[in-house]
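Novice: Sequence first, then the predicted structure:
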There are 2 protein chains.
Amino acid sequence: MRLLSSFALTLLLFASQSPIQPSPAPVTTPLPPPTVRIDDYRGNAARIIGAALTSDKAYQRLAYLTDHIGNRLSGSQNLEHAIDWAITEMKKDGLDNVHPEKVMVPHWVRGEESLELTSPVSRKLTMLGLGNSIGTPADGVAAEAVVVRNFDELERIGEGVRGKIVVYNVPFTDYGATVSYRLTGASRAARYGAVAAIVRSITPVSLNTPHTGAMRYDEAQPKIPSAAITIEGAELLQRMNDRGEHPVLRLKMEAKFLPDAESANVIAEIKGSDKPDEIVLLSGHFDSWDVGQGAHDDGGGCIVAWHAVRLLKELGLKPRRTIRVVLYTNEENGGRGGTAYLDAHRAEISKHVLAIESDLGTYQPIGFGLGAAAPAQARSNMQEIAKLLSGIRADRIAANGGGSDIGPIVAEGVIGGSFDVDSSRYFEIHHTPADTIDKINPKDVASCVAAMAVMAYTVADMPQTLK
Amino acid sequence: MRLLSSFALTLLLFASQSPIQPSPAPVTTPLPPPTVRIDDYRGNAARIIGAALTSDKAYQRLAYLTDHIGNRLSGSQNLEHAIDWAITEMKKDGLDNVHPEKVMVPHWVRGEESLELTSPVSRKLTMLGLGNSIGTPADGVAAEAVVVRNFDELERIGEGVRGKIVVYNVPFTDYGATVSYRLTGASRAARYGAVAAIVRSITPVSLNTPHTGAMRYDEAQPKIPSAAITIEGAELLQRMNDRGEHPVLRLKMEAKFLPDAESANVIAEIKGSDKPDEIVLLSGHFDSWDVGQGAHDDGGGCIVAWHAVRLLKELGLKPRRTIRVVLYTNEENGGRGGTAYLDAHRAEISKHVLAIESDLGTYQPIGFGLGAAAPAQARSNMQEIAKLLSGIRADRIAANGGGSDIGPIVAEGVIGGSFDVDSSRYFEIHHTPADTIDKINPKDVASCVAAMAVMAYTVADMPQTLK
């Protein structure tokens, strides 16, 4: 999961639906009666849920992806390997129209990097450079650190940070609020002449755990290198700052962009029997950061979307409309997959009945977050269909939700939403070396597949339209 | 905190009192009436607690130790720097008889180290070599991994591990039970011809967090190198093992022993007014592992023992008996400080009224764990004195307790016990880069000083003897 300035709407969506915050309650204002008759779908929902909960195929595929391929940053061999593997496996699954859709993606590479406290004592600090950051000269950037708790403190110091390294020691509140320091902290510090920006990792807890993630430059300001440090490191610098010890840091980063690389969105479908041109889209993003295994973010989301469709195929359930899986590329540091999908499918955007993105981790499912702009009739129908998921406790339709990758098509009018899970521990491992499959419960994977498959199948098959 | 074979008694004590397990309940069998009259001590207890809870001096000294000196492995410059600093500061505090007592300590150095999975995929695994381990040849030890869940599995495989690397993937139950794999796993695997031993870190949780700690060799077996990996790494190898993928590892360690180094126990006292030859001993260990800051283990314990005495000095409270602080050296990988203390003080061992070791982290204090062998009269008096600590919730006298460093004098008949705190999260950071002062609540430091000072003062001042 990522936040990018290019989709202000998405940013707002995420800021408001950050899973650490209380989720938006279901809409309680009167909705029109549902047009879907869920009694007609109980039998197939039962088959889907029963089959999903007695299979470990989705989990085993996720284990292959994470253990054998590993993390998948845009431009990496791992990502292209994963894409090739998914296409091969989707064809083996017997899915329809399996193919890659070419996307040129930014190719940011981390290289070697380090952060050292050189005064008042010498100590290596655990760090991860931020995605999209420039590197430093070979001998690094060395300067006194100025530690601030928030942007207000930075503004008060203003020109006082000139020639120094600004350290944002911002305690985690929720992702939407805290991540703005990672995204914009470098340029806001550069405006006052800072030579680098260091950000406390966006997480509520730490075992000296660095969290990477994207940053972005304000083109009006000088570009300065930027990295994340652990809570432990940030608090050390805070204490030294507060004691007037004038900590001095040396940051070294080889980070740089190589020429854009060829990548692809992966597409697979179950073609609709009656209205094959109408599309229910299920998605995740196949790229990840270059640490850990990209398990929760977002290998799990991809496998859940994919296996929801795979399960329907296995059960011989062919809905009236087409269900399309999209494994987007380059969500984390560019969003090119989402825009490329819009560009490639502009002619059929109006035929997208619903687009769901699964990118909040793979935990116990809760339900779906339907975009606030969704028509009331669509909301009423999804609330009705979700009743089929009450037995697996995934029957909540939240008042809002979305995803970065579907942002561009939602902006074009597609009804969009998030697949919601109990993300309460997501930001402990998000964008870290600890985002590994051991953090994912196989039972949750199975439940997620069940919830996605029942919702997608029913929306795709209902005789009426969703909205 | 460490477990060493040289003190089987201590091992048993720790195994039984591991703070993750339910603590031994206070003794409920009838005890003799207390001889101490706590009404005589309420006034001074009030002064002590009031002063401790309104001061941050102890915390600030701990911050200096951790932030400016850092971790303190035996043989390191950091440890000797810390010892010199403590002696200087204790003299500034006006304590009596401040001096170092020379101890020659093992000088194990880690050097560069790495662990790489080379098949079926290539991946670096986060690791920490185990203290006391030998190193590997320069190009490492490369062999197939055999993953076992416990010693029983190893025994079943037996000669099947010859030429291979044994990986102990043992889920954490409690420290005493789980740590035996770290301590003895290498030699037990070497018995069957294994070429290295890898141990899952001894912890209930992980954010890809490696935990080091001591291992020991059975001299009857070949010595093989041994290291800890994270829960994430161990589970990855387990999955590959279970899938029949025959994971292959390459372990590189430069670990070795240099010649023994000169170190010291640090001694400081408040001389008793009436019975200066009788001693109440408060202690922690000043050495730590070579990662993190050695904050909970055991910088905090040392500062608490030291500042309990410093506070009494500041308040002008001079008890009848002497209160002695001992900051032991080399608890973690040798226990030489504890044995050196016994050797140097053998003539006055019988004059030790009580010895308390603080080495379970610096959290909210609970009370004291009095060794099971302690006389009933001593237990009765400590239970009575502890009532003075009920207001700070530190009034429990557990049925058992002790510490590695005081083990040698307890074996000689000294009444010994532990300073008990809420250690429920201790093993999350124990022996890791995350054992840093940000994990310590300044309020807990103040409460610990209060509890230690009240108990020590009252035992040292009571007209009757403790036992």
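Specialist: Cool, got the structure.
Novice: Give me the phi and psi for A:Ala268.
Specialist: Main-chain torsions, A:Ala268, degrees, to the nearest 10: phi -150, psi 150.
Novice: In contact with it, which residues?
Specialist: If a contact means Cβ atoms under 8 Å, 6 or more residues apart in numbering or on different chains, then A:Ala268 has A:90, A:93, A:95-98, A:306, A:309, A:324-325 as its contacts. Placement of C-beta: from N, CA and C, glycine included.
Novice: Would you mind measuring from it to A:Leu312?
Specialist: Going from A:Ala268 to A:Leu312 by Cβ to Cβ, to the nearest Å gives 12 Å.
Novice: Name the residues of chain A found near chain B, please.
Specialist: A:63, A:67-70, A:120-121, A:123, A:126, A:205-209, A:231-232, A:235-236, A:239-240, A:292, A:428-429, A:432-434, A:436-438 (Cβ under 8 Å from any Cβ of the partner chain).
Novice: Now the buried members of those residues.
Specialist: A:63, A:67-70, A:123, A:126, A:206-209, A:231-232, A:235-236, A:239-240, A:292, A:428-429, A:432-434, A:436-438 (16 or more other Cβ atoms under 10 Å in any protein chain shown).
Novice: Now intersect these with the helices, please.
Specialist: Mapping these onto helices (DSSP state H) picks out A:63, A:231-232, A:235-236, A:239-240, A:428-429.
Novice: Any idea how far the helix or strand harbouring A:Val147 is from the middle of the chain?
Specialist: Here A:Val147 sits within strand A:141-148, counting by DSSP states H and E. Distance of strand A:141-148 from the chain centroid (Cα atoms, centre = their mean, to the nearest Å) equals 31 Å.
Novice: C-alpha coordinates for that strand, CSV please?
Specialist: Provided in CSV are the C-alpha atoms of strand A:141-148 (Å, rounded to 0.1, in the frame of the first residue of the first chain):
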residue,chain,number,x,y,z
VAL,A,141,26.1,13.8,3.6
ALA,A,142,27.4,14.8,7.1
ALA,A,143,25.7,17.4,9.2
GLU,A,144,24.2,18.1,12.5
ALA,A,145,20.8,16.7,13.1
VAL,A,146,17.9,18.9,14.1
VAL,A,147,15.1,16.8,15.6
VAL,A,148,11.5,17.9,15.3
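Novice: Identify each buried residue in the following helix or strand past that strand, please.
Specialist: Sequence-wise, the next helix or strand downstream of strand A:141-148 (DSSP H and E) is helix A:151-157. By 16+ other Cβ under 10 Å, the buried positions in helix A:151-157 come out as A:151, A:154, A:157.
Novice: hang on, the first one packs against A:Ala189?
Specialist: It refers to A:Phe151. No. In this structure A:Phe151 lies outside contact range of A:Ala189 using Cβ atoms under 8 Å: 9.6 Å.
Novice: got CSV for the buried residues of helix A:151-157, with distance to A:Leu317 too?
Specialist: Conversion of these to CSV gives the following (distance: Cβ to Cβ, whole Å):
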residue, distance to A:Leu317
A:Phe151, 52
A:Leu154, 56
A:Ile157, 62
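Novice: ok so, going back, tell me the buried residues within the contacts of A:Ala268.
Specialist: Here, 16+ other Cβ under 10 Å leaves A:90, A:93, A:95-96, A:98, A:306, A:309, A:324-325 buried among these.
Novice: Mind checking which of those residues land in strands?
Specialist: A:96, A:98, A:324-325 (DSSP state E).
Novice: Would you reformat these as CSV and include pLDDT?
Specialist: Shown next, in CSV, are those (pLDDT from 0 to 100):
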residue, pLDDT
A:Asp96, 98
A:Val98, 98
A:Arg324, 98
A:Val325, 98
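Novice: re earlier: and the buried ones among the contacts of A:Ala268, which two are furthest apart?
Specialist: Pairwise distances across these peak at 14.2 Å for A:Asp93 and A:Arg324 (criterion: Cβ to Cβ).
Novice: ok, now which ones touch A:Asn241?
Specialist: If you count contacts by Cβ under 8 Å, 6+ apart, A:Asn241 has them with A:145-147, A:167, A:247.
Novice: and if you look at A:Ala398?
Specialist: By Cβ under 8 Å, 6+ apart, the neighbours of A:Ala398 are A:17, A:23-26, A:367-370, A:418, A:420.
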